[in-house]
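Structure for the following, please:
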Amino acid sequence: MSAPLHLLPGGLLPGGPAPEGRPRPARALHAIARVSYGPVPLDFDRLAAEFPAVQSGLALAGEVDLELRLACTGLPELRAVAAALHRAGAARVRIDLVLRALTPAPVTLRPVP
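Model prediction:
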């Protein structure tokens, strides 16, 4: 049996308080949602408008139909997005947490002898 996963809150976003005067929550929990459509394709634009966690998406041909890049304030928001995907008609939703972003190192050109 594995130990439970505990995630820490991410704090505040840079840039100061939100317009209402309350601090804006950081979107420190990043995840990738891979979605297989049910009988009807999901409306990406509606999902993105309804859930600020949806940062971008890719329409795919393969095992899954849609890949969503999510940035959530915490586990409750991630669960809400997953539940909304199921309610919207997704046949299957797989969510993977992003541990860290990888970027390639700058290329160093060497002179040709």
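
Need the per-residue pLDDT for the spatially most central residue of the chain.
Residue closest to the mean C-alpha point of the chain, counted by C-alpha atoms, centre = their mean, is Leu70 at 1.2 Å. Leu70 is assigned 96 on the pLDDT scale.

That one reaches Pro52, doesn't it?
No - if you go by C-beta atoms under 8 Å, Leu70 and Pro52 don't touch, sitting 9.9 Å apart. (Glycine included, C-beta is placed from N, CA and C.)

Mind giving me the packing neighbours of the helix or strand of the chain with the lowest mean pLDDT?
Sorting the helices and strands of the chain by mean pLDDT, DSSP states H and E puts helix 44-50 at the bottom, at a mean of 89. Judged by 3 or more C-beta pairs under 8 Å, 6 or more residues apart in numbering; DSSP states H and E, helix 44-50 is in contact with strand 54-59, helix 75-87.

need those in CSV with distance to Ala28, can you?
Formatted as CSV, the helices and strands packed on helix 44-50 follow (distance: least, C-beta to C-beta, whole Å):
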stretch, distance to Ala28
strand 54-59, 13
helix 75-87, 11
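
so the nearest residue to Leu66 once chain neighbours are set aside, which of the three states?
Excluding its sequence neighbours, the residue lying closest to Leu66 (C-beta to C-beta, 6 or more residues apart in numbering) is Val35, at 4.3 Å. Three-state assignment for Val35 (DSSP: H, G, I helix; E, B strand; the rest coil): strand.

what's the burial count for Val35?
Other residues within reach of Val35, judged by other C-beta atoms under 10 Å, total 27.

wait, what's in contact with it?
By C-beta atoms under 8 Å, 6 or more residues apart in numbering, Val35 lies in contact with 42, 64-68, 85, 90, 92-94.
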